[in-house]
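>>> return a 3D structure for these sequence lines:
(one chain, ligands or ions: 1)
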Amino acid sequence: MKPLILIVEDEPPLIEILKYNFEDAGFRTSLATDGDEGILKAQEEVPDLIILDWMLPKRSGIEVCRKLKQDKHTKTVPIIMLTARSEESDLILGLDSGADDYVVKPFSPRELIARVNATLRRSKPSFGEEKLIYSDIEFNVSSQKVFRNGSAVPLGPKEFRILNVLLEKPTRVFSREQLLDRVWGRDVYVEERTVDVHIRRLRKALNADSKVNLIRTVRGGGYSIDEDQ
Ligand code: CA
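Sure, this is the predicted structure:
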């Protein structure tokens with residue numbers, strides 16, 4: 001699964017440069033050319049990181065940043081602000097509004113991508129790793145294959161994605177709502193019990209040959225991957 005970068009920028013040549021360089025570096029991109037569209041796009045499909053220009057039509061980048069950091073669905077998404085040199089004195093304001101980092105224009109795309117990778121590694125410890133391993137589960141990110149105790153586990157796309165989310169932070173409990181947002185996205189309406197159906201399938205596939213259950217159900221809370229149940 002390629003990480004999704006939302007680019008909110010109003011200068012067409014810069015949009016092109018950013019889109020090209022991010023896609024070349026193995027990211028997916030989503031684009032918005034003003035603040036309102038940026039907020040909308042971030043809510044439609046929650047990105048892994050947002051590149052946010054400071055000077056935008058309609059709403060400033062600062063306002064957009066504040067708004068996204070107040071929304072429970074987007075508040076944990078890291079934001080890197082792009083600023084012009086003349087705005088540098090206002091950087092405190094940018095960081096106060098919740099931005100995680102900033103890059104001053106003009107910048108080299110290579111430098112920006114390095115900053116993005118560093119920010120993603122901080123927010124998602126599993127980012128960039130080829131394999132996620134927990135207990136006897138081996139989750140191969142690049143080949144999209146899952147093994148338990150050395151045997152391949154056949155999984156549907158939704159079960160694969162749920163396991164990916166759970167393995168990002170083993171033992172952490174994810175609510176049904178969080179799993180819905182991460183696996184299905186916010187643009188589709190899916191009932192919370194759909195999560196239960198897919199968790200059952202995931203468990204069945206992982207627990208074949210009477211292996212020990214690793215998917216923990218937390219009553220009223222959600223699900224986690226945990227050896228200690
Ligand atoms: Ca601008």
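>>> just the strands in the chain please.
Under the criterion DSSP state E, the chain contains strands at 4-8, 28-32, 49-53, 79-84, 101-105, 131-134, 137-140, 145-148, 151-152, 215-218, 222-225.
>>> nearest the geometric middle of this structure, what residue?
Nearest to the geometric centre of the chain sits Asp48, at 3.0 Å (C-alpha atoms, centre = their mean).
>>> from the ion, how far off is that one?
As defined by C-beta to the ion, to the nearest Å, Asp48 lies at a distance of 23 Å from the ion. (Glycine included, C-beta is placed from N, CA and C.)
>>> please verify my assumption that that residue contacts Gly26.
No. Assessed by C-beta atoms under 8 Å, Asp48 is found out of contact with Gly26, at 12.0 Å.
>>> how deep is whichever residue of the chain sits closest to the ion tucked in, by neighbour count?
Taking C-beta to the ion as the measure, the chain has Met55 as its residue closest to the ion, at 4.0 Å. Neighbourhood size, Met55 [other C-beta atoms under 10 Å]: 16.
>>> go on, Ser60?
Ser60: 17 neighbours (other C-beta under 10 Å).
>>> mind checking pLDDT for it?
At Ser60, the pLDDT value in this model is 90.
>>> and for the one 4 residues further on?
Looking at Val64, its pLDDT reads 95.
>>> what does this structure put close to the ion?
10, 53, 55 (C-beta under 5 Å from the ion).
>>> lowest-confidence helix or strand of the chain?
Lowest on mean pLDDT, DSSP states H and E among the helices and strands of the chain sits helix 91-96, with a mean of 69.
>>> touching, Phe147 and Ser135? I think so.
No. The pair Phe147 / Ser135 is not scored as a contact, 11.7 Å apart, by C-beta under 8 Å.
>>> I'd like the strands of the chain laid out as CSV, including mean pLDDT and mean neighbour count.
Shown next, in CSV, are the strands of the chain (pLDDT from 0 to 100; neighbours: other C-beta atoms under 10 Å):
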stretch, mean pLDDT, mean neighbour count
strand 4-8, 97, 24
strand 28-32, 96, 18
strand 49-53, 97, 27
strand 79-84, 90, 22
strand 101-105, 87, 16
strand 131-134, 88, 16
strand 137-140, 91, 19
strand 145-148, 93, 18
strand 151-152, 92, 10
strand 215-218, 95, 16
strand 222-225, 96, 22
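>>> figure out which of those strands is closest to Val190.
strand 222-225 (15.1 Å; C-beta to C-beta).
>>> pull stretch 203-213 out as PDB, backbone CA atoms only.
C-alpha atoms of stretch 203-213 as PDB (Å, rounded to 0.1, in the frame of the first residue of the first chain):
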ATOM      1  CA  ARG A 203      -9.300 -14.600  12.700                       C
ATOM      2  CA  LYS A 204     -10.500 -17.700  10.900                       C
ATOM      3  CA  ALA A 205      -7.800 -17.400   8.300                       C
ATOM      4  CA  LEU A 206      -5.100 -16.700  10.800                       C
ATOM      5  CA  ASN A 207      -6.200 -19.400  13.300                       C
ATOM      6  CA  ALA A 208      -6.500 -22.200  10.800                       C
ATOM      7  CA  ASP A 209      -4.900 -25.500  12.000                       C
ATOM      8  CA  SER A 210      -5.900 -24.500  15.600                       C
ATOM      9  CA  LYS A 211      -3.300 -21.800  16.000                       C
ATOM     10  CA  VAL A 212      -3.500 -19.600  19.000                       C
ATOM     11  CA  ASN A 213      -5.800 -16.600  18.600                       C
END
